[in-house]
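> fold the following.
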Amino acid sequence: MSNALELRGISKSFPGVRANDNVDLEVRRGDIHAIVGENGAGKTTLMSILYGLTAPDSGEIVVDGRTVRFNSALDAIAAGLGMVHQAFKLFPTLTVAENVVFRNEPRTGIFLDRAEAAKRVRALGSEYGLMVDPGARIEDLPVGVLQRVEILKALYRDAQVLILDEPTAVLTPQERDNLFVTLRRLKDRGRTVIFITHKLGEVMAVSDRVTVLRGGRAVAHLDTASTSPTEVSRLMTGRNVDLDSRPPPSLLGEAVLSVTDLTVRDDDGLVRVDAVSLEVRSGEILGVAAVAGNGQHELIEAICGLRPADRGSIVVGGREVAAADMAVTRESGLAYIPEDRHRVGTAAGGEVWANLVMGFQRRKRFRRGRFMRRAEVEEHARRIIADYDVRVAGPAVTAATLSGGNLQKLVVGREMSHAAPLLVAEEPTRGVDVGAIEFLHRQLVEYRSQGGGILLLSAELWELLALSSRVVVMYEGRIVAELDPAETDEAELGFFMTGGSR
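Predicted coordinates:
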């Protein structure tokens, strides 16, 4: 099988960091080729070089047997490459069709032929199982649909090699499975896919070959069929990683969160949380399992003061907060790891130190009158950067320069560093590598063991079962089951999550 592309001796350094160190890579035509590695291993930098977004310090790129030099992404597109980034590159106020055909629009005279553009997008979506309403406005679409639009953009430009950077980090399990169907369809039609991921289960499920990066170097090139998740994780981290052991039970204390008969409506006035009651006690982790769209996100928003409750009670640290805003809820003893680290968890244009004090900036230790105690804030930032292994040059760089996994560790470190009595954690390990997952799991268990209570939401059912003291299942806005993780499994959780009943 011939190679669709090759990278030979690629090296790239930034101030204080050698991101890629003499990397070689061969990607066979028609393969799904996974690139794995820890956060900061150099995966995104390598793909940015391949796509013309970053110039290498040395090395060469070969596409279809021809050495090329890309000065921009436009050169890479012209050579048959397409890339879907972690942060989507779409115009929010334009329609799907307008985004897909941008820079290559069908025209009637000097005007965009909208009917033809919509027709082409429908045809392309039908061919590859990427059905999207061409007339829908981007700002109104959920994340999973936005990703389809990005893939359609690349296919519209006839990309023969499609690069996907952490494509499942923002997807629900159902959206992930649909994406895998699309990737296999692309492969069947002769396209080549480069798939960057941290999730070893996905590597084994969808890839033909896998390249492992560690410390900026390519340490292994493997046929997926002849390797295992254990071997790949060991190559990624340099050690054996254990994600299967359950933590020992801890002593339970008073309730740090009490939710009683809570009803919450969405932006359209529809009831999304229907008379829900639950309790989280000091020293326990309460897991919440649900298929996306069953009210779990609205429940969390109401608890955290981001969405008003229609009726019912929310008590945090002994204080009623159902009608309170986020600032009051935080003061009552709540820390919050949001599922969307980009739009909710961080400010991309702000410095790392500012992001690491965000939400806690009113505390006396960080303020002197109207001004920040800059030395105290920066020391606080350095401590979290070191404790959570956030790969960044220093606290003064902007958050936008961090990789997705390092941004996640920044958010988790910020929220857990204040030891609030209640930690609400939505997808706390989303987008981080297997070694960081093991570390963050230890931190969550330690948080619980020190007397904190945790409300945990995760699309990864194994994670809920591994960490939780109890698991409740939500379906259509109601709690339909409460289960002991030691006496259940993913199949039973899935049964209740899809409407099953005893």
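> ok, Thr93 touching Asp140?
No: Thr93 is beyond contact range of Asp140, at 10.2 Å (criterion: CB atoms under 8 Å). Every residue, glycine included, has its C-beta placed from N, CA and C.
> got the residue ranges for the strands in the stretch 1-150 of the chain?
3-14, 17-28, 32-37, 58-63, 66-68, 81-84, 107-108, 111-112 (DSSP state E, counting those that start in this stretch).
> and what of the stretch 301-450 of the chain?
When assigned using DSSP E, counting those that start in this stretch, the strands of the stretch 301-450 of the chain occupy the ranges 311-316, 319-320, 334-337, 367-368, 371-372, 422-426.
> how much space between His198 and Gln160?
26 Å (CB to CB, to the nearest Å).
> do the same with Asp489
Distance of Asp489 to Gln160, given as CB to CB: 42 Å.
> give me the outermost residue of this protein relative to its centroid.
Computed with CA atoms, centre = their mean, the maximum C-alpha offset from the centroid of the chain is found at Gly109, amounting to 42.9 Å.
> state the distance from Gly238 to Ala34.
Counting by CB to CB - Gly238 and Ala34 are separated by 19 Å.
> one step back: can you check which of the strands of the stretch 301-450 of the chain gets nearest to Gly293?
Counting by CB to CB, Gly293 lies closest to strand 422-426 out of the strands of the stretch 301-450 of the chain; the figure is 14.4 Å.
> residues contacting the closest one, please?
256-257, 280, 297, 300, 303-304, 316-317, 333-339, 412, 415-416, 444, 447, 452-457 (CB atoms under 8 Å, 6 or more residues apart in numbering).
> only whichever of those are buried, select them in PyMOL.
Buried members of the contacts of strand 422-426, defined by 16 or more other CB atoms under 10 Å, are picked up in PyMOL with:
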select buried, resi 256+257+280+297+300+303+304+316+317+333+334+335+336+337+338+339+412+415+416+444+447+452+453+454+455+456+457
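> mind checking which of the contacts of strand 422-426 are in helices?
His297, Ile300, Ile303, Val412, Glu415, Met416, Leu444, Tyr447 (DSSP state H).
> got the domain ranges for this structure?
For the chain, automatic domain parsing gives the domain ranges 3-237, 242-333+420-502, 347-412.
> report the rounded mean pLDDT for the shortest one.
Mean pLDDT, computed over domain 347-412, is 88.
> ok so, going back, pLDDT score for the residue farthest from the centre of the chain?
Taking Gly109 on its own, its pLDDT is 86.
> same question, Arg502
Per-residue confidence (pLDDT) for Arg502: 66.
> what stretches of the stretch 401-502 of the chain score poorly on pLDDT?
Scanning the stretch 401-502 of the chain for pLDDT under 70 picks out the ranges 502.
> got it, and the stretch 1-150 of the chain?
Applying pLDDT under 70 to the stretch 1-150 of the chain flags the ranges 1.
> gap between the two ends of stretch 320-339?
End-to-end distance of stretch 320-339 (CA to CA, to the nearest Å): 24 Å.
> distance from that stretch to the middle of the chain?
Put simply, stretch 320-339 sits 23 Å off its chain's centre (CA atoms, centre = their mean, to the nearest Å).
> swap in stretch 48-67?
Computed by CA atoms, centre = their mean, the chain-centroid distance of stretch 48-67 equals 27 Å.
> gap between the two ends of it?
17 Å.
> do the same with stretch 392-404
Its start and end residues considered, stretch 392-404 measures 12 Å (CA to CA).
> quick one: residues contacting Gly312.
With contacts defined as CB under 8 Å, 6+ apart, Gly312 is in contact with Val259, Thr260, Asp261, Leu262, Thr263, Ala275, Val276, Ala322.
> give me that answer again for 10 Å
Neighbour list for Gly312: Val259, Thr260, Asp261, Leu262, Thr263, Val264, Val273, Ala275, Val276, Ser277, Ala302, Ala322 [criterion: CB atoms under 10 Å, 6 or more residues apart in numbering].
> over to Val397?
Applying CB under 10 Å, 6+ apart to Val397 gives the contacts Pro15, Glu351, Val352, Trp353.
> same thing with Glu175?
Neighbouring residues of Glu175 by CB under 10 Å, 6+ apart: Pro142, Val143, Gly144, Val145, Gln147, Arg148, Pro167, Thr168, Ala292, Ala459.
> quick check: PyMOL command selecting the buried ones in the residues you listed.
Selecting only the buried members of those in PyMOL, with burial defined as 16+ other CB under 10 Å, works like this:
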select buried, resi 143+144+145+147+148+167+168+459
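> related to what we said a few turns ago, ranking the strands of the stretch 1-150 of the chain by burial, who's on top?
strand 32-37 (a mean of 26; mean count of other CB atoms under 10 Å).
> now the angle between strand 17-28 and that strand, please.
160 degrees (axes from the mean of the first three to the mean of the last three CA atoms, to 10 degrees).
> could you figure out how far strand 32-37 is turned away from strand 3-14?
Going by the same axes, to 10 degrees, strand 32-37 makes 20 degrees with strand 3-14.
> the residue nearest to the spatial centre of the chain and Val68: what is the separation?
With distances taken as CA atoms, centre = their mean, Ala169 lies nearest the centre of the chain, 3.2 Å away. Remark: distance between Ala169 and Val68 (CB to CB) = 29 Å.
> need the contact list for Ile196.
Applying CB under 10 Å, 6+ apart, the residues near Ile196 are 33-37, 43-44, 46-47, 86, 163-167, 169, 213, 404.
> which residues does Ile479 bridge with?
Counting by DSSP bridges, Ile479 forms beta bridges with Met474.
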